[in-house]
Structure formats: C-alpha cells, structure tokens
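Trainee: mind folding the following:
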Amino acid sequence: MIAFFSTSLAQTNDQPLNSIEFILSAEEQLWVAEHPVVRITNQMDWAPFDFIQGGNPTGFSIDYINLILQKVGLTGDYINGYTWEELHKQTEDKEIDIIHSLIQTEERDKLFLFTSPYLDMSLGYYAKTDSLRIFGPSDFAGKSIGAIAGSGTKFAFQQKYPNAELVDYDDVLEALIALSSGNIDIYIGRIPVVNYTINKNFMADLELVCDVELSATTQVNNIRLATRNDWPELRTILEKGMASISDDEYNLLVNKWQARSSNELNFILTDEEKAWLEENNIIRVSATPNISPLEFVTVDENISGITGSYLDRISDILDVRFIWAKNKSWTEGFEMIKSGQADIISAATSTPERNRYLEFTDSYLTSTNMIFTKRENATYSTMENLAGKKIAQVEGFAVTTFIKQDYPEINLIEVASIKDALSLVDQNEVDAFIGSVMVATPTLSELGIDNIVAVGETPYRIEETIGIRSNLPLLASAINKALNSISAVERTAINRSWMSLKVEPKQDYQLVFTIASILILVITVILFWNASLRREVNSRIKIEQKLMKSQEIAENANTAKSAFLANMSHEIRTPLNAIIGFSNAMTSEIYGEINPPKYKEYLSDITNSGLHLATVIDDILDLSKIEAGKLQLVETEFDLNECTIEAIRMIRSDANDKNIELTYQEEDALVYGDKNAIKRVIINLLSNAVKYTNIGGEVLDRAFGTNQGGSPRIGNE
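Mentor: A predicted model of the protein is given here:
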C-alpha cells in the first residue's frame, strides 16, 4: 500500500502560513536570499512521481517540491538526462543540492541530510502472467531478479537476501521489457511506479505477484527528500516548507496523480462530485461503432470492446449508467459533444481543436500507428517516403489531424471508416493507410485481405483517453479518479481478453472460381508445352550458328590485325632507322666537332627517343605474341641509374614546359631484368608524375634494386 503523511502545523485562522516571514527565521531568510536557486534531481521515467513529459519535469514529487519551494521563496533548477546512479553521484559530489524520491539508509546518511518522509510506498514482486507466486526466499533459487542500479530498493533487498541473483537496469521500462522478454524472472519495484509503467506501455503479460517485506520496520518504504550534507540550513528550510503544506493542498496532489498501489485503497470523491453523480446517473457516450477491438456497438446498442470494458468497470465504481449516443462515426460523435447531445467520448486523443470542448482523463491504452500498404510497396516504410503519395485516413481521427499538420506534402484522402481506408489500399486507389495494429489487423482479417502489411512505424504514439465535455468538470474528475483506481492486474485482464480475440475471416466466395481458373491454366500450359520446347530448340540452334559465325569473324579480324601491325612496323621503321643512324653519326662527330656542346646533348636525346620509339613498335608487335602466350623478356644485368637518366631526358621537355623540377637521387642500382621493359615503366611513371604535378612543382625520382638470392634483381622470375 501507499500512505500519505500530513505534517501540517497547528494553525489558527489569523496566522499567515503562506508567509515566508512566518515560516522561516531571519537567518534562514538570509540563507534563501544568498541561495535563491537550488538544483534538484529529475529522473526521466519514474512516473507518476518523477519523470519528463513534454520536455518538462512532472509528477507527484515534482509538484510537491514546487509547492515547498513556493512557500519558502526558493526557485528550483531541475537536472535531468541522467540515470539514477548518475544523479545520486552528482548530489554526492555537491553538483546537485536536493535529491528526492529515495529511502534513507546508513550508507546514505554519510552522504546526505534527510528530511522526514512524505510518502510511504510499498514494494512488489512482478513476473509474467501465470507464473508461480513468490512466498519466500526459497522461491528465489535459480531465478534472476531485476532492480534499478543504485536504488535503495536494490540495497535493501541485497541486505536481506545477499545470495539473490540481481541484474541491474537503468530505468523501470528497461527492466520491465527484460522481464517481458524472459531475460529476467522477477522484477522488484515500487508498486505505483511499476503499475503506471505497465499501464502506459500496454504490457499485458506482466502482473504483481506478491508484496515485498524487506524489514520489520517501514523504513524501506519511507520516501524522503535529502540535501547535500554541507547545507544543513537547506534541510531545515525544506522541513518547514513541508510542515506548512495543508491537508487540502496535500490531498489535491494525491488526487491529481492517483499514486496508489492498488484499487483496494478507496479513492476520495468530493461531496460536490457525489452530489452531481446522484443527480446525473445516466451518461451519454459517443462511441465509434465499428473499430473493434478498441470499441464497437452491439446489435442491442451496448458499447463493447476495450473501452466498453473500462466503462463497465467505471459504471460499477461510480454507480452510474453509460448509454450510447447513437453516433454513426467519430466525427458525428464529436459534433454531438459540441451541441450537448453527448457527455463523453469513450476513445479520444488530445488535440488543440478537441481541447476547446473536452477535458481528458489519464490514458488507459497506448498504441503506435504503423504504415499499412501492399507487400510490394515496402519502400513506403517512413513518413518521408510517402511524400507525394496518396493515403486514406478516417475523418476526425487524431492521427489524421496530426498528418495534415506535419506532412502537407502527403495527399490525404478522408474516408468514413477503417474498412473504407483499407479497401482503397487493396484496390490500389491509394498507396497506404496509417493506423494501429490493434485495429487494422482484425479489420484486414474480416475483409479477407492478406496482401496488406505493416511496413514501418510512424512517430504517432496515440494515448487513448476518455474525453468529457469541458462544462462538466465534476464528471471529468470523478471518471478520472475511477479510471485510475482500476489496478494494473485488472487493466491487463481487460486488454488481454480483447487483444486475444480472433476475428473470423470473411468467406472467400471466389475460391472455387480461382481453383478452376488455375486448373484451366495448368491444362493450357501442358498443351502448349511441347510447342514451346520445339521453339526453344530451334532458338538455340540459331544462337549456336550465330556464335560460330561470330567466331569466324573474330579470327579473320585477328589475321587482319596481325597483317596491319607487320605492315605498320615496316613503314615506320624505315624513316626511324634513318633518324637513329644520322643522329648517331652526328654524335660521333665524324664530320667535325659539334658546337655548342648543348647540341650534342640534344642529339643524344634524339637518339634515345628514336630507340625508345623503336622499342614501342616492338611492344606493339608483342601484342600478338602476348595473345599467343609467346612473349619472352630479355633479361640482363644493367645499371638502373643509366636507364633512369635516359627516361628523364625524354620527359624533361614536358617538365620544362610546366616549370617542374625533376630531381634524381642516384644510388647503387645494378639490377637484373628486361631493360627496355623497365625503362618503359619508368617513362610512364615520370610522364604521369609530370602530368598530375602542379606548375612549378617538383618530381623526385629514385632508383633502387631488390636483393634476391644475393643478387640485385628486377624483372620476371
């Protein structure tokens, strides 16, 4: 169970309890003036006490602390985005001033200064539905138990059961997912926190199996505030703020958050709520008649489905009667709310438009909307991929409103029902439908459609609530209290009973026709099979003839190529031999000395270039040898330096044109290989280097050989 502490001071009507001067001493007021802002822990998902909603800190403990701060004149700066262990460590290191929603232990007494408790919250064991009950330590044998890392719950449990196998988790939802997946056998946690998380995330396979008794005292269940241990003034100020909270203020927070362990604790209806319900015990309900299993209307006009079960339970609790307002669609039902013809909508999600006319309860069911499309359209797996596509959505549904606002580039067609939307997808008149698996799957089964599947998740997570006309605040508060008094176990039973129902598929009257058509098709295929085989054989014969003709053409082309290469070699070699011969004669100065000496260097370059060109011609002729596999390298021992210098001379003119400096570092480089082949390699390397080097750059050339078996060698082994 959960108990709530009332610590109001004895007061008289003439004492201004909300006055800071009355609550705090002069020294404490001075301390507040010097420390106007205090840093406070804020967990991400310890609902309904301490969590984030819409980017803002919220929960019972947050509201309670804000009320204290208001009374003592402090401002809170909530620190979030960290795990519980990290927040605990930051408070220990005095980076945070106030930590809350924790129990007092001997170890923590060394780190923090604790206030008196403000909650007494029970612990519970949770397991998968239909698992064995927990009666004592003997039931822990061979079982893994999940707990929040660094929590007081884990510490207290380890103190009593040191041999238990505990598994750490960062948050409640992570632990419950592990429990649902079978990664752990038991989870130990605060009952109202776990119940809230189970209900919010529709974890129908988990339930409370036993309360936890860890100590003869209730110390482990007492939830407190604590401050850093070097600020005793802050602890005293918080205590005074807590004491100044009246019973009415405290109970207002209790009723707002409905932070109870189970429905065995009676919720509190105000006298005004009771009186209103006695005078108005028939409530008109706008319920969509055809979205099973969420809700539907039977032939005798009773509201059924998940919402119907919740309304039946609320009816028993509040002693009222719910009747269907006879709306044909959700949109018509909303119009009846506006006109006063209906009092509540049984399944609604908050939107700006609806907020003008409705007050919403807490959520009783959460579902994620998926993208449904034909199997062959699996690429429509995100909302962005639907840009420019047609989708069918039910008029008036919240997700329809959200899509219109967020994705105007999607061509949205509004229809009257989910059946209509899925039928349009099946008929290829639209590309997709966006809705919950819970409703779409049975509808597809009922329609006999098996080629539409969910291909992707959308960002729209719909919280189903009960919407009450905004001019009926007493009814709204009473229904919300009754809804929140329904335990997690009972909610699980409701959801599981409807989610496990199977919808009988629509009889396919075209089955016989389809089978007959297939048989006719098979017979037709057999009759034409032989003719097809004959055509295939003839086709292959023609292909083989074409291949033989192509081979003959290729052989003729090779012969022509060889003849061309031989003729080209002869035509080029004749003038080339003259160039090489005359340049050699001039270089040898047979007819006299050559002046200036630079001309002699140019003649040497002409000779080398001619020789290289002759080598290139040989290479061209070698192509035919390569194809025939008869190419042989002429391997000799030669000076790589000499070979490199000759190559540089041939490239130098191109380098000079780009103002590129060619630098060569000579080393001992006597190598073994085909000199002409290696020279061609060096020329190609230098040519590429000059080509891709910026104007004014530098190309570094270095010759070396590799040692194999004691002799420097380059070439083909």
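Trainee: looking at it, residue 104 is touching residue 225, isn't it?
Mentor: No. The pair residue 104 / residue 225 is not scored as a contact, 10.4 Å apart, by C-beta atoms under 8 Å. C-beta coordinates here come from the backbone N, C-alpha and C atoms, glycine included.
Trainee: residue 195 contacts residue 208, correct?
Mentor: Yes. At 7.4 Å, residue 195 and residue 208 qualify as touching, with contact defined as C-beta under 8 Å.
Trainee: of those two, give the one with the bigger neighbour count.
Mentor: residue 195 (29 against 20; other C-beta atoms under 10 Å).
Trainee: that one is in what secondary structure piece?
Mentor: Using DSSP states H and E, residue 195 falls within helix 191-200.
Trainee: quick one: distance of that helix to the chain centre.
Mentor: 24 Å (C-alpha atoms, centre = their mean, to the nearest Å).
Trainee: what of stretch 664-675?
Mentor: For stretch 664-675 - counting by C-alpha atoms, centre = their mean - the centre lies 61 Å from the chain centre.
Trainee: any idea which helix or strand comes after the helix holding residue 195?
Mentor: strand 206-211.
Trainee: CA atoms of that following strand as PDB?
Mentor: Extracted C-alpha coordinates of strand 206-211, given in PDB (Å, rounded to 0.1, in the frame of the first residue of the first chain):
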ATOM      1  CA  LEU A 206       3.100  -8.700 -16.600                       C
ATOM      2  CA  GLU A 207       1.500  -8.600 -13.200                       C
ATOM      3  CA  LEU A 208       2.100  -8.100  -9.500                       C
ATOM      4  CA  VAL A 209       2.600 -11.500  -7.900                       C
ATOM      5  CA  CYS A 210       3.400 -10.500  -4.300                       C
ATOM      6  CA  ASP A 211       4.100  -7.600  -1.900                       C
END
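Trainee: tell me what that strand is packed against?
Mentor: strand 123-128, helix 172-181, helix 191-200, helix 488-499 (3 or more C-beta pairs under 8 Å, 6 or more residues apart in numbering; DSSP states H and E).
Trainee: out of those, the one nearest residue 635 is which?
Mentor: For residue 635, the closest of those is helix 172-181, at 69.8 Å, according to C-beta to C-beta.
Trainee: what's the following helix or strand after the top strand by length along the chain?
Mentor: Taking DSSP state E as the criterion, the chain has its longest strand at strand 452-469. Of the helices and strands lying after strand 452-469 in sequence (DSSP H and E), the nearest is helix 473-484.
Trainee: which parts of that following helix are buried?
Mentor: 474, 475, 476, 477, 478, 479, 480, 481, 482, 483, 484 (16 or more other C-beta atoms under 10 Å).
Trainee: and for stretch 438-456?
Mentor: 438-444, 447, 449, 452-456.
Trainee: flag the least confident of those residues.
Mentor: Minimum pLDDT for the buried residues of stretch 438-456 is recorded at residue 438 (80).
Trainee: surely that one meets residue 294?
Mentor: Yes. If you go by C-beta under 8 Å, residue 438 and residue 294 touch, sitting 6.5 Å apart.
Trainee: mean confidence for the longest helix along the chain?
Mentor: In the chain, with assignment by DSSP state H, the single longest helix is helix 529-587. Averaging pLDDT along helix 529-587 gives 74.
Trainee: ditto for stretch 50-63
Mentor: pLDDT averaged over stretch 50-63 gives 90.
Trainee: just how off-centre is that stretch within its chain?
Mentor: 24 Å.
Trainee: same thing with stretch 403-422?
Mentor: Worked out by C-alpha atoms, centre = their mean, stretch 403-422 lies 25 Å from the chain centre.
Trainee: buried set for it?
Mentor: Buried, per 16+ other C-beta under 10 Å, within stretch 403-422: 403, 410, 412, 415, 416, 417, 418, 419, 421, 422.
Trainee: can you tell me which of those end up in helices?
Mentor: 403, 418, 419, 421, 422.
Trainee: residues touching the fourth one, list them.
Mentor: Translated: residue 421. 392, 393, 394, 415, 430, 433, 435 (C-beta atoms under 8 Å, 6 or more residues apart in numbering).
Trainee: quick check, residue 117 in a strand?
Mentor: Yes. Using DSSP: H, G, I helix; E, B strand; the rest coil, the assignment for residue 117 is a strand.
Trainee: so where's the stretch 401-550 of the chain shaky on pLDDT?
Mentor: 487-489, 492-493, 496, 499-514, 516, 525, 527-528, 530 (pLDDT under 70).
Trainee: mind doing that once more with 50?
Mentor: Applying pLDDT under 50 to the stretch 401-550 of the chain flags residues 501-509.
Trainee: and what of the stretch 101-250 of the chain?
Mentor: 215-218.
Trainee: let's go with 80 and repeat that
Mentor: 120-122, 129-141, 152, 156, 199-200, 202, 204, 209-222, 247-248 (pLDDT under 80).
Trainee: now do the buried residues in stretch 180-200.
Mentor: Here stretch 180-200 shows 180, 184-200 as buried, counting by 16+ other C-beta under 10 Å.
Trainee: oh, that last question was meant for stretch 453-471, not what I typed.
Mentor: 453-456, 458, 460, 462-469.
Trainee: ok, stretch 654-662 next?
Mentor: 655, 660, 662.
Trainee: so where does residue 296 fall, helix or strand?
Mentor: strand 295-297.
Trainee: that strand pairs with which strands, and in what direction?
Mentor: strand 290-291 (antiparallel), strand 303-304 (antiparallel) (DSSP bridges).
Trainee: closest one to residue 686 among those?
Mentor: strand 290-291 (78.6 Å).
Trainee: who's in contact with the closest residue to residue 367 other than its chain neighbours?
Mentor: The shortest distance from residue 367 to any non-neighbouring residue, by C-beta to C-beta, 6 or more residues apart in numbering, is to residue 436 (4.0 Å). With contact set as C-beta under 8 Å, 6+ apart, residue 436 has these partners: 294, 367, 368, 369, 370, 462.
Trainee: next, the closest residue to residue 410 other than its chain neighbours: phi, psi?
Mentor: Closest residue in space to residue 410, ignoring its immediate chain neighbours: residue 386 at 5.2 Å, by C-beta to C-beta, 6+ apart. The phi/psi pair for residue 386 (degrees, to the nearest 10) reads phi -90, psi 0.
Trainee: from residue 243, how far off is residue 386?
Mentor: 58 Å (C-beta to C-beta, to the nearest Å).
Trainee: have a look at the two and say which one is more surrounded.
Mentor: residue 386 (26 against 15).
Trainee: next up, the contacts around that one.
Mentor: Contacts of residue 386 (C-beta under 8 Å, 6+ apart): 371, 380, 407, 410, 431, 432.
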